[in-house]
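Participant: structure for this input, please:
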Amino acid sequence: MKYKVTLNNRVYEVEVEQGEAMLIDEYEVKAPATPAPAAAPAVAAAPAAAAAPVPAGAGEAVTSPMPGNILKINVTVGQKVNEGDVLLILEAMKMENEVVSTKAGTVSQILVNQGAVVETGTALVLIA
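Facilitator: Residues are numbered from 1 along each chain as shown. The predicted model follows:
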């Protein structure tokens with residue numbers, strides 16, 4: 001069986017066969033690049049009332065339903081989300097699992113990075 005182990009921001013790929021472990025690959029984990037801002041919509045909507053910014057750290061935590069690796073983060077801080085929107089993708093046991101918003105609101109903080117290893121109950125995103 002092959003395992004990926006993250007220790008001190010380094011990922012070790014290890015293969016275990018009949019009680020003997022062999023290191024396959026080793027690499028350093030790097031923070032994901034900041035995505036470019038989305039293009040403005042072609043049709044301008046009527047200006048909405050300016051919403052007060054949500055303070056960082058405010059809100060209800062969306063937690064990990066199981067241990068796994070964060071494959072993709074689909075939201076950004078300040079983004080409005082509805083209940084049931086996919087916030088991120090969590091890989092567990094070779095399956096990609098969608099972690100969805102538990103309520104409608106605004107993302108006030110993202111507590112994990114892409115590639116992070118999380119345990120059951122780890123707070124992932126705060127929604128105010």
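Participant: now for the closest residue to Tyr12 other than its chain neighbours, how many residues are close by?
Facilitator: Nearest residue to Tyr12, sequence neighbours excluded (C-beta to C-beta, 6 or more residues apart in numbering): Val5, at 4.7 Å. In this view, the C-beta of every residue, glycine as well, is placed from N, C-alpha and C. By the criterion of other C-beta atoms under 10 Å, Val5 has 12 neighbours.
Participant: list the buried residues in stretch 68-75.
Facilitator: The neighbour-count check on stretch 68-75 (16 or more other C-beta atoms under 10 Å) flags Gly68, Asn69, Ile70, Ile73, Val75 as buried.
Participant: ok, of these, which one's closest to Ala58?
Facilitator: For these, the closest approach to Ala58 (C-beta to C-beta) belongs to Val75, at 15.6 Å.
Participant: mind checking pLDDT for that closest one?
Facilitator: Here, the pLDDT recorded for Val75 equals 94.
Participant: now it: how far from Leu111?
Facilitator: 12 Å (C-beta to C-beta, to the nearest Å).
Participant: overlap in contacts, these two.
Facilitator: Here Val75 and Leu111 share the contacting residues Val125, scored by C-beta atoms under 8 Å, 6 or more residues apart in numbering.
Participant: so which strand or helix has Ser108?
Facilitator: Assigned by DSSP states H and E, Ser108 falls within strand 105-110.
Participant: ok, then the element right after that strand?
Facilitator: Downstream of strand 105-110, the first helix or strand assigned by DSSP H and E is strand 117-118.
Participant: quick one: contacts for the closest residue to Glu60 other than its chain neighbours?
Facilitator: By the measure of C-beta to C-beta, 6+ apart, the closest residue to Glu60 outside its immediate chain neighbours is Ile127, 5.5 Å from it. The contact partners of Ile127, taken as C-beta under 8 Å, 6+ apart, are Gly59, Glu60, Val62, Val81, Ser101, Thr102, Lys103, Gly105, Thr106, Val107, Ser108.
Participant: filter those residues to the buried ones?
Facilitator: By neighbour count, with 16+ other C-beta under 10 Å, these hold Gly59, Val62, Val81, Ser101, Thr102, Gly105, Thr106, Val107, Ser108 as buried.
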